[in-house]
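[1] Sequence and predicted structure below; questions after.
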Amino acid sequence: MKKTNYKLNRIRILEKGKISSLGPFEKLSLKFEGWSDGRKGLIRKDDSNQWNSMRLKAEIDASEEFSAKLFGLLKVQEEEKYEKIGILFDRLLLFQKQLHDANNSLQSELNIETDFNERRVGEEKLTSAQIVERRTREREKHLEPFKRKVEDSRNVIVDTLDGMFSLLSQIQESFDSTCRIVDRLQERSERRLDVYWRAAMKQKKELPAILDVQFKQTSKLTANEHYMQFTEKAERLRNSIENEIGVLIKGGNENEENS
C-alpha cells in the first residue's frame, strides 16, 4: 500500500466515526462456534489461569496482526519525517556553534574600551555633548554587524526548532489517528467475542459472566516508544538551547551596559 493511499484510507475510516455493527450471519456463526466450543469443552484455562480457546486466540492474534500492519505502514509513511528530524538535530549543533562564535566576536568588541570624549581633528567647534553623541553613534554603527550576526544565528536556531517540532506534531497526529483505528478494531473484536462467549456460557456453566481477555499492544507501544525517543531528545535540546540563548542575551546586555 502506498503512503498516500494509507493516509487516505486512515482518514476515511476516522471520518466514519464509529465501528461497523456485526451482521446477522456473523453473529450466527459466532453463536454457533461459542455453543460448539462450550459444549465440547474446548474453552479451557491456560498456564496463566486465563480462559482460552482457538477462537479467542485467533481473535487476539488477528487484532495484533492488523495493528502491526497499520503501525508498520505508519512507520514507512513517517520515515521521511524522521529523517528530516535527524538532519535538523545535526544542523542545530552546527547552528549552536555559529551562535557561540558570533556571540564571542560580539563580546570581544564590547570589551574594547571606547573613549567617548575623544575629540578628533575637525571637531574643535563641537561641544562635549556632541562629541559623546558622535562617538556613541560610531560605536553603535561598528557593533551593528556583530549584533546582527548574533540575532541571525539565534533566529536560525528558533526556526529550526519550530520546524522540528512541527514535524513531530504531524507524526503525533498520524500516530493518534492510527491508534484510534486500532482501538475501534479492538472494540469490534470485543463485540464479536462477547457474542461467542455468551453462547459458550449456556453450554459451559463454570465460565465467568464477563470475559477477561487481554489484547496485545506490542506494535502500539513500540511505535510510541520510537516517537517518544525523538520527542524527549528534541525537548532536551530545546531546553538546553533556550537556556543557553538566555545566558548569552543576559551576558551581552550586561557587557553593553558596562562598556
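    All right, it came through fine. Residues are numbered from 1 along each chain as shown.
[2] So for the protein, the centremost residue is which one?
    Centroid-nearest residue in the chain: L168, 3.8 Å away (criterion: CA atoms, centre = their mean).
[3] Contact partners for that residue?
    85, 227, 230-231, 234 (CB atoms under 8 Å, 6 or more residues apart in numbering). In this view, the C-beta of every residue, glycine as well, is placed from N, C-alpha and C.
[4] Quick check: which element contains it?
    Assessed by DSSP states H and E, L168 sits inside helix 128-201.
[5] State the distance from the residue nearest to the centre of the chain to T178.
    16 Å (CB to CB, to the nearest Å).
[6] In the chain, where is pLDDT below threshold?
    Within the chain, the segments meeting pLDDT under 70 span 1-20, 246-259.
[7] For the stretch 1-150 of the chain, just list every one of the strands.
    44-45, 51-52 (DSSP state E, counting those that start in this stretch).
[8] Determine which stretch of the ones you listed is the most buried.
    strand 51-52 (a mean of 17; mean count of other CB atoms under 10 Å).
[9] Tell me how far it lies from the chain's centre.
    Offset of strand 51-52 from its chain centre (CA atoms, centre = their mean, to the nearest Å): 38 Å.
[10] on contacts alone, who are the packing partners of it?
    Applying 3 or more CB pairs under 8 Å, 6 or more residues apart in numbering; DSSP states H and E, we find strand 51-52 packed against strand 44-45.
[11] Paired strands for the strand it packs on, with orientation please.
    strand 51-52 (antiparallel) (DSSP bridges).
[12] With adjacent residues omitted, what lies nearest to L22?
    R191 (5.9 Å; CB to CB, 6 or more residues apart in numbering).
[13] How many residues are close by that neighbour?
    16 (other CB atoms under 10 Å).
[14] Just give me how far stretch 180-194 sits from the chain centre.
    26 Å.
[15] Same question for stretch 72-90.
    On CA atoms, centre = their mean, the centre of stretch 72-90 falls 11 Å from the chain's centre.
[16] So for that stretch, what gets flagged as buried?
    Using 16 or more other CB atoms under 10 Å as the burial criterion, the residues of stretch 72-90 that qualify are 73-75, 77-78, 81-82, 85, 88.
[17] what do you get for stretch 200-216?
    Quick answer for stretch 200-216 (16+ other CB under 10 Å): 200-201, 203-204, 207, 211, 213, 215.
[18] Just the closest of those residues to L110, please.
    F215 (63.1 Å; CB to CB).
[19] OK, contacts around the closest one?
    Here F215 is in contact with 60, 63-64, 186, 189 (CB under 8 Å, 6+ apart).
[20] Try it again at 6 Å.
    By CB atoms under 6 Å, 6 or more residues apart in numbering, the contact list for F215 reads 60, 63, 186.
[21] Can you add neighbour count and give those back as a markdown table?
    Conversion of the contacts of F215 to a markdown table gives the following (neighbours: other CB atoms under 10 Å):
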| residue | neighbour count |
| --- | --- |
| I60 | 18 |
| S63 | 19 |
| Q186 | 20 |
